[in-house]
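> sequence unavailable; structure follows:
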């Protein structure tokens, strides 16, 4: 059975950061999938479901309405392991290309006030599963501890040594 590329990443040494997870080619278009890793896997508590769900709603809203990037956004969604999000963008991109966009996105989440977009029964499959205070806390933590001081080690995946 073929090994899935994301299972070749060394999760024991993986840090919080922004990583290129994969690139797919559809016709003449490249789709870059980013791993927006907010928690160190297996070494710190995962994101709470409510916070992660709120981050999903706020990030997707911000990104799809972005005046420069909006038309290139394909998808933003949570990882099953609850340690971050997958972010798909049209274009052949590298991690460093979206650092400022991620800073803007997480500032938007940190500073958000009001009703969470799409958090109503007619708009969301689990509209009660939101936690805005924790989403804001996690966004601020990610900004201060990762995005505002990002280094190369937070931009390139560690590989499993065979």
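Good, I have the coordinates. Please read all numbers here as calculations on a predicted model, not as lab measurements.
> where do the helices of the chain begin and end?
In chain order, the chain shows helices spanning 49-64, 99-111, 132-145, with DSSP state H as the criterion.
> just say which of these is most tucked in.
Of all those, helix 49-64 has the most neighbours on average by mean count of other CB atoms under 10 Å, namely a mean of 21. All C-beta spots, glycine's among them, are computed from the backbone N, C-alpha and C.
> name the helices or strands packed onto that helix?
Applying 3 or more CB pairs under 8 Å, 6 or more residues apart in numbering; DSSP states H and E, one finds that helix 49-64 contacts strand 73-78, strand 84-90, helix 99-111, helix 132-145.
> among the ones you listed, which comes closest to residue 34?
Across those, the minimum distance to residue 34, taken as CB to CB, is reached by strand 84-90, at 4.3 Å.
> residues of the closest one that come out buried?
Using 16 or more other CB atoms under 10 Å as the burial criterion, the residues of strand 84-90 that qualify are 84-89.
> state the mean pLDDT of it.
Per-residue pLDDT values across strand 84-90 average out to 98.
> ok, stretch 152-160 next?
In this model, stretch 152-160 carries a mean pLDDT of 87.
> which residues sit against that stretch?
Around stretch 152-160, the neighbours that count as contacts under CB atoms under 8 Å, 6 or more residues apart in numbering are 8-10, 13-20, 35, 94-96, 99, 146.
> which positions in it come out as buried?
Of the residues in stretch 152-160, those scored as buried under the neighbour-count criterion (16+ other CB under 10 Å) are 154-157.
> just give me how far that stretch sits from the chain centre.
Averaged C-alpha coordinates place stretch 152-160 at 16 Å from its chain's average position (CA atoms, centre = their mean, to the nearest Å).
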